[in-house]
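1. sequence first, then the predicted structure:
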Amino acid sequence: MLLAGALGVLLTVSLLRSAGHTEPVLVAARDLAPGTVLDAGNVRVSRVHADASVRATLIPGDQLAAVKGQVVTGTVRGGALLTHDLVHRVDAHAATRVMSVPIARAKAVDGRLAAGDHVDVLGVDLDTGRRETC
């Protein structure tokens, strides 16, 4: 009976230690719109307890320097965990499809157009009058 009690105490201590084990991961320091370039001001490190399969999807806390300059591809709420599928490098191919164009509020659906919204771009060649959708 004494052995069973000691084993119970040992098991309880072991479980409490494993429950307290956390890993540092990157989280959004504020709301991030798609296209946001990551830097130290919009990412922070937080500690989480998660199994190996979940941790494999998260960006480790020591990777802050590696994600600087990369772009968020989806909406991320402040405090949300950053995952590998939400953060991508901007390469030459992506640069041909992504651009930012400042427009007046009156021309932005009266201000209802927001960062991260997808829009169709219509180009007109002034010489020929030919239209193209990009």
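-> Sure thing, it's come through. Residues are numbered from 1 along each chain as shown.
2. show me the contacts for the residue nearest to residue 31 when sequence neighbours are not counted.
-> Taking C-beta to C-beta, 6 or more residues apart in numbering, and ignoring the residues beside it in sequence, residue 31 has residue 78 as its nearest neighbour in space, at 5.0 Å. (Each C-beta comes from the backbone N, C-alpha and C, glycine too.) Residue 78 makes contact with 28-32 under the criterion C-beta atoms under 8 Å, 6 or more residues apart in numbering.
3. ok, which pair from those residues is furthest apart?
-> Greatest spacing in the contacts of residue 78, by C-beta to C-beta: 29 and 31 (9.4 Å).
4. those two: which has the busier surroundings?
-> Neighbour count, other C-beta atoms under 10 Å: between residue 29 and residue 31, residue 29 has more, with 16 against 13.
5. show me what the nearest residue to that one once chain neighbours are set aside is bridged to.
-> Using C-beta to C-beta, 6+ apart and skipping the chain neighbours, the partner closest in space to residue 29 is residue 44 (4.5 Å). Applying DSSP bridges to residue 44 gives these bridge partners: residue 27.
6. ok, residue 44 - contacts?
-> 26-29.
7. returning to that earlier point: which of the contacts of residue 78 sits closest to residue 113?
-> Lowest distance from residue 113 to the contacts of residue 78 (C-beta to C-beta) belongs to residue 31, with 17.1 Å.
8. the closest one and residue 79 touch, don't they?
-> No. Using C-beta atoms under 8 Å, residue 31 is not in contact with residue 79; the gap is 9.3 Å.
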